[in-house]
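Trainee: no FASTA, just this:
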């Protein structure tokens, strides 16, 4: 993708993200995140439609917005929301798939609709929880690790990459790029620790950077597999130079919950 397109979009995204994370009331941050999740979920379902899987988009969005309040209202148990979502889904599919023409599409439609919620809404809501429980500086630590690591992996891979890492999911990713990404993720962790989180021991910051970015390097090609399966490079062209909303948060999908658990249970 052209840097001429990527850089202006990145500046706008980073600026909006900083303002919302640093200054916005928690309800604004929550709504902002839900909008991003819904946009990514719509892109995910459109990818599925390319394979004829018939995701029920309105139901899936409703399920995602049923899971999300459990992160905003601690009094609402996650297991209750999940059960309610499963019950609503059961009623919907029993009523909707009521003829023989639709029946062959039921298993894939049911699976992909619910998968969208589990795959996107559940893990990405941990970003809100990180901000709420640990403050914006901890969230910036995560962003430093992910964004610096991802950027370095791309440039190092282009310059020095020879050995393919995930040739099916992400043909351009290499082990050399992966190593560069880990090194810069460590650099991002050290920088964030020194500037924002001096109370966190340096060795813990470095270890966190390695673990989180290693998981991000699984999360990214996992999302790419969905795109490769339908023959597209980006989930959409909504963000000039960056693809779609799903493309922008792919590394965070698996990395965000892990980072939350590390901070909660190991940063003591």
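Mentor: Received, thanks. From a predicted model like this one, the values you see are computed outputs, not experimental measurements. Numbering: from 1, shown residues only.
Trainee: quick one: residue 79 and residue 67, what's the gap?
Mentor: 11 Å (CB to CB, to the nearest Å). C-beta coordinates here come from the backbone N, C-alpha and C atoms, glycine included.
Trainee: more crowded one of those two?
Mentor: residue 67 (21 against 8; other CB atoms under 10 Å).
Trainee: count of residues packed around the residue lying closest to the more buried one once chain neighbours are set aside?
Mentor: Nearest residue to residue 67 in three dimensions, chain neighbours excluded: residue 121, at 4.8 Å (CB to CB, 6 or more residues apart in numbering). When neighbours are counted by other CB under 10 Å, residue 121 registers 25.
Trainee: can you confirm residue 121 is in a helix?
Mentor: Yes - per DSSP: H, G, I helix; E, B strand; the rest coil, residue 121 lies within a helix segment.
Trainee: just checking, it touches residue 70?
Mentor: No - using CB atoms under 8 Å, residue 121 is not in contact with residue 70; the gap is 10.1 Å.
Trainee: so what's residue 81 up against?
Mentor: By CB atoms under 8 Å, 6 or more residues apart in numbering, the residues touching residue 81 are 66-67, 69-70.
Trainee: mind running it again at 7 Å?
Mentor: Contacts for residue 81 (CB atoms under 7 Å, 6 or more residues apart in numbering) come out as 66-67, 70.
Trainee: how near is the closest residue to residue 26 other than its chain neighbours to residue 125?
Mentor: Spatial nearest neighbour of residue 26, chain neighbours left out: residue 132 (6.1 Å); criterion: CB to CB, 6+ apart. Counting by CB to CB, the separation of residue 132 from residue 125 is 10 Å.
Trainee: And for residue 31?
Mentor: Taken as CB to CB, the span from residue 31 to residue 125 is 12 Å.
Trainee: between those two, who's got more neighbours?
Mentor: A count of neighbours by other CB under 10 Å puts residue 125 above the other of residue 31 and residue 125, at 25 against 14.
Trainee: Could I get the full set of strands for the stretch 101-250 of the chain?
Mentor: 164-166, 170-174 (DSSP state E, counting those that start in this stretch).
Trainee: residues making contact with the shortest one?
Mentor: By CB under 7 Å, 6+ apart, the list of residues contacting strand 164-166 from outside reads 171, 173-175, 178, 221.
Trainee: which residues does residue 106 contact?
Mentor: Contacts of residue 106 by CB under 7 Å, 6+ apart are 93, 97.
Trainee: can you do 10 Å?
Mentor: 54, 93-94, 96-97 (CB atoms under 10 Å, 6 or more residues apart in numbering).
Trainee: quick one: which two of these are the most distant?
Mentor: 54 and 94 (15.5 Å; CB to CB).
Trainee: Between those two, tell me which one has more neighbours.
Mentor: Per other CB under 10 Å, whichever of residue 54 and residue 94 has more neighbours is residue 54, with 20 against 10.
Trainee: Before we move on, what's the pLDDT of that one?
Mentor: For residue 54, the model assigns a pLDDT of 91.
Trainee: got it, and residue 169?
Mentor: We note a pLDDT of 85 for residue 169 in this prediction.
Trainee: Now the element after the lowest-mean-pLDDT helix or strand in the chain, going C-ward?
Mentor: Among the helices and strands of the chain, helix 3-23 carries the lowest confidence by mean pLDDT, DSSP states H and E, at a mean of 85. Once the chain leaves helix 3-23, the next helix or strand it forms, by DSSP states H and E, is helix 26-49.
Trainee: Brilliant, that's me finished.
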